[in-house]
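Visitor: Please find the sequence and the predicted model below.
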Amino acid sequence: MVDLRLKSRQWIVDEHDHIIFGEGRREILENIERSGSINQTAKMMRMSYKAVWGKIKATEQHLNTRLVLTDRKKGAWLTDEGKEILEKYRLLKKRCLREENRIFTSIFKPAMSRKNRHERKDGC
């Protein structure tokens, strides 16, 4: 029997289903935090600088707050609000995964263990 597991993604969206925050934007902010550079973030993610900057700006507009600050000499860094939304998203993801795994296990594991018992009885 193949060992099954659940894989899911969470997006925070507006009333028109436009993505405000999700895995991609989490990765962008984490990479900016690590590298201190939007340009390096774009290269690491194999995206254009314009695409990365556009996603940051779209999220900032929806939230009406700055998430990333830039300076030609100092590079880029997260604002307190940027750090906060990143931490809140990580917490959301952690809690969602824990609950989703609990639900997945309650639904699929009993059925899989019944199937395993039948396979053993049949000699398969």
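Guide: Thanks, I have it. Numbering: from 1, shown residues only.
Visitor: show me what contacts the most centrally placed residue in the chain?
Guide: Nearest to the geometric centre of the chain sits Glu23, at 2.5 Å (C-alpha atoms, centre = their mean). Counting by C-beta atoms under 8 Å, 6 or more residues apart in numbering, Glu23 makes contact with Arg9, Gln10. No exception for glycine: its C-beta is placed from N, CA and C like everyone else's.
Visitor: Can you pull out the low-pLDDT segments for this structure?
Guide: 1, 110-124 (pLDDT under 70).
Visitor: Please repeat the previous calculation with a cut-off of 90.
Guide: 1-9, 107-124 (pLDDT under 90).
Visitor: Would you map the strands across it?
Guide: For the chain, the strands defined by DSSP state E cover 12-13, 19-21, 68-71, 75-78.
Visitor: So which residues make contact with the third one?
Guide: Yep, that's strand 68-71 we're talking about. Under the contact criterion C-beta under 8 Å, 6+ apart, strand 68-71 has outside partners Leu29, Ile32, Ile38, Ile56, Glu60, Ala76, Trp77, Leu78, Thr79, Gly82.
Visitor: ditto for the last one
Guide: By C-beta under 8 Å, 6+ apart, the surrounding residues in contact with strand 75-78 are Leu29, Ile32, Glu33, Gly36, Ser37, Ile38, Thr41, Leu67, Val68, Leu69, Thr70, Leu86.
Visitor: Can you tell me how far the second one is from Asn101?
Guide: With distances taken as C-beta to C-beta, to the nearest Å, Ile32 is found 30 Å from Asn101.
Visitor: Show me just the buried residues among the contacts of strand 68-71.
Guide: Leu29, Ile32, Ile38, Ile56, Glu60, Ala76, Leu78, Gly82 (16 or more other C-beta atoms under 10 Å).
Visitor: what about Met47, distance to Lys7?
Guide: Counting by C-beta to C-beta - Met47 and Lys7 are separated by 23 Å.
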